[in-house]
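Undergrad: only the shape, not the letters, is given here:
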């Protein structure tokens, strides 16, 4: 691992365990993307740049018609000075012009990794884990400096990128665009891979061919969104789980983003990721700075599985943090689909009795415990216990649950406000709104303006007061609408387009304050399910409610797609009642349980309505999961069969020392008279022998991975089977 500068080639060589990234200073001032891929031991510019006179490609140097920024692979490009491709950034000066000309000024190499001001990011626990390169570019004419930051994690094999803008001049200017990462490839022999969908259908895998022009996606909803995840990758055609090359970027940010790949007329590809420039402006007064979010870059020469392994390890160990980072997660039951708003203390304690009987460890009280909230039309913002439902208050309920041997958790939606609430009547200007324009509602609610210090203080105080009043071990932090009428009563007209980013910065301040004050509480983020499943939230809350859709068939695709980037320990995955409340499908309880064991197991149903046999099945599932959850939550995860291309799905969890593994196969749909399937395993020790529970013979790791296991006795839709493997010493 390391970062080296070569004066011979005027280049920077960033090396991690298996990756190299090379940046070159061209003609003494232009920063050029030269290489990103499999680790090189040395680089001496074997494939040197060649410049050709291209008609209609203007020249910054009139004496050299062969050189144009439009054909130079650039590391952080501007627009308007001979490059017609999409820029990484754009600045508007006080005279209205938007032309900039950033050139190399200096660089420094640091041990460790500085934290980003006001933004979540990957971290180090010792300076020896990483090195950071900071390259400063400048435009002396307008007084703009941009510091590009690159951190190389050696053992994690990831590279983190970000940019910091500084106005070192005497005049203000406005930042119109600020990508976190940009890289120019000299060819376009790629496919674009993204994770897209909708509410209850999040993070489906989408692959498409690159064509000339711009292929992009993003969010302008004020959240990373159900529709698109802030992740994109270029992959070589034919790439699968094990073979092919992958170049991936993921943004550590929870708000509006833009991910983009542009193929230029000569077949080059510009890949970029950052804050969405649509409806974004940030004013920079003299001496002011602006920090972009962090982008995490991963290269894999071993297909999508190799990419996922790198993201998973980095996020498990150097993005998630705090008390719960390395703790096994409890098995919970959430009362929502059992009672919805119709509950009282007696009902919840009865559910706790049922939960204790089957081995559940945590009961979560969902929406409806505060204000006068009997439906979703009121009381958000009034975080005061409803004594009609809970006459003894939150402490009485929490103690009652504790006495039954369970821990107690609670649902909040602190970022929202109901027009029918005491808080709104007192502070109607505290929500996002634009002057006298009508205030559109989603789920009968508006959004608090977290860019305002007084609003943040209120949210922190209100949530903290509840968490202090009772023994609460878990919080589900929800957010159930996207931003409209995006404006702030606290900002001048010139700063209104800062509102969405200020909201996210304010959210991070709130999350930092609350999670730091209650380190023993396990926080799970939620946004109508998976509408904010992003690294920004995971930096504060180590797990996310993966989707409101709890149907097992739907969840196979949702969890499989999510796992491309995010480790299973970050996924809340629950068993719910049938017919399923989201899609109306009926699936067997063993199938639902087996799918849910692919993440953090929980339940969302009325246990009192289960038969004796069904309760016995739930006990079996819980006992099985307790035996294996350390493996699920902290083992290495490998995808085996894709539900996007097959009527089945399969995956395997392997302990880091390869002594234990747990594989599962899911038959979604059955067909008559087909071949009996077999399953090739992954991640085992090729030279070891494994005993499979229930079988008398032992098998070599190489045989299990190359010849595979026969899948037997699956005779109908919605059936599954699992294998527990232990290495024979």
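TA: That came in fine, so what should we check first? On a predicted model such as this, the values are computed, not experimentally measured, just so you know.
Undergrad: okay, CA-based contacts and neighbour counts for the rest of this
TA: Noted.
Undergrad: against residue 202, how distant is the nearest residue to residue 210 once chain neighbours are set aside?
TA: Of all residues not flanking residue 210 in the chain, residue 191 sits nearest, at 5.7 Å (C-alpha to C-alpha, 6 or more residues apart in numbering). Distance, residue 191 to residue 202, using C-alpha to C-alpha, to the nearest Å: 21 Å.
Undergrad: show me where the stretch 51-200 of the chain has helices.
TA: Using DSSP state H, counting those that start in this stretch, no helices are found in the stretch 51-200 of the chain.
Undergrad: quick one: the helices in the stretch 601-729 of the chain?
TA: Using DSSP H, counting those that start in this stretch, helices in the stretch 601-729 of the chain cover 612-634, 701-706.
Undergrad: other SSEs contacting the longest one?
TA: The contact analysis (3 or more C-alpha pairs under 8 Å, 6 or more residues apart in numbering; DSSP states H and E) places helix 612-634 against helix 345-358, helix 589-596, strand 600-604, strand 648-654, strand 660-667.
Undergrad: make it 10 Å
TA: Using 3 or more C-alpha pairs under 10 Å, 6 or more residues apart in numbering; DSSP states H and E, the elements in contact with helix 612-634 are helix 303-318, helix 345-358, helix 589-596, strand 600-604, strand 648-654, strand 660-667.
Undergrad: circling back to that earlier point, which one's more surrounded, residue 191 and residue 202?
TA: Ranked by neighbour count (other C-alpha atoms under 10 Å), residue 191 and residue 202 place residue 202 first, with 30 against 18.
Undergrad: assign the more buried one to helix, strand or coil.
TA: strand (DSSP: H, G, I helix; E, B strand; the rest coil).
Undergrad: the nearest residue to it once chain neighbours are set aside: how many residues sit nearby?
TA: Nearest residue to residue 202 in three dimensions, chain neighbours excluded: residue 226, at 5.5 Å (C-alpha to C-alpha, 6+ apart). Residue 226: 25 surrounding residues under other C-alpha under 10 Å.
Undergrad: cool, the one 3 residues further on as well?
TA: Residue 229: 32 surrounding residues under other C-alpha under 10 Å.
Undergrad: so where is the chain shaky, pLDDT-wise?
TA: Within the chain, the segments meeting pLDDT under 70 span 1.
Undergrad: select the longest strand from it.
TA: strand 173-185 (DSSP state E).
Undergrad: what lines up beside that one in the sheet?
TA: Paired neighbours of strand 173-185 in the sheet (DSSP bridges): strand 89-93 (antiparallel), strand 269-275 (antiparallel), strand 282-284 (antiparallel).
Undergrad: I'd like to know which elements whichever helix or strand comes after the shortest one is packed against.
TA: Which is strand 282-284. For strand 282-284, the succeeding helix or strand toward the C-terminus, using DSSP states H and E, is strand 289-291. When contacts are defined as 3+ C-alpha pairs under 10 Å, 6+ apart, strand 289-291 packs onto strand 144-153, strand 158-167, strand 173-185, strand 282-284.
Undergrad: each with direction, which strands does the second one pair with?
TA: Translated: strand 158-167. Strand pairing (DSSP bridges) places strand 158-167 next to strand 144-153 (antiparallel), strand 289-291 (antiparallel), strand 294-300 (antiparallel).
Undergrad: can you tell me the SS state at residue 423?
TA: Per three-state DSSP, residue 423 ends up helix.
Undergrad: that one: how many residues sit nearby?
TA: So residue 423, with other C-alpha under 10 Å, has 17 neighbours.
Undergrad: what does residue 454 give?
TA: With other C-alpha under 10 Å as criterion, residue 454 counts 12.
Undergrad: surely it forms part of a helix?
TA: Yes: assessed with three-state DSSP, residue 454 lies in a helix.
Undergrad: need the contact list for it.
TA: Contacts for residue 454 (C-alpha atoms under 10 Å, 6 or more residues apart in numbering) come out as 430, 460.
Undergrad: ok, now how distant is it from residue 615?
TA: Residue 454 is 49 Å from residue 615, by C-alpha to C-alpha.
Undergrad: now residue 60
TA: In terms of C-alpha to C-alpha, residue 60 sits 74 Å off from residue 615.
Undergrad: report the buried residues of stretch 160-177.
TA: 160-169, 172-177 (16 or more other C-alpha atoms under 10 Å).
Undergrad: and the helices in the stretch 401-550 of the chain?
TA: 422-426, 453-469, 499-517, 535-538.
Undergrad: what's the most buried one of the ones you listed?
TA: Mean neighbour count (mean count of other C-alpha atoms under 10 Å) peaks for helix 535-538 among the helices of the stretch 401-550 of the chain, with a mean of 26.
Undergrad: contact partners of that one?
TA: With C-alpha under 10 Å, 6+ apart, helix 535-538 has contacts from 119-122, 224, 230, 250-255, 293-296, 315-316, 319-321, 504, 507-508, 511, 523-526, 532, 541-544, 565-566, 570.
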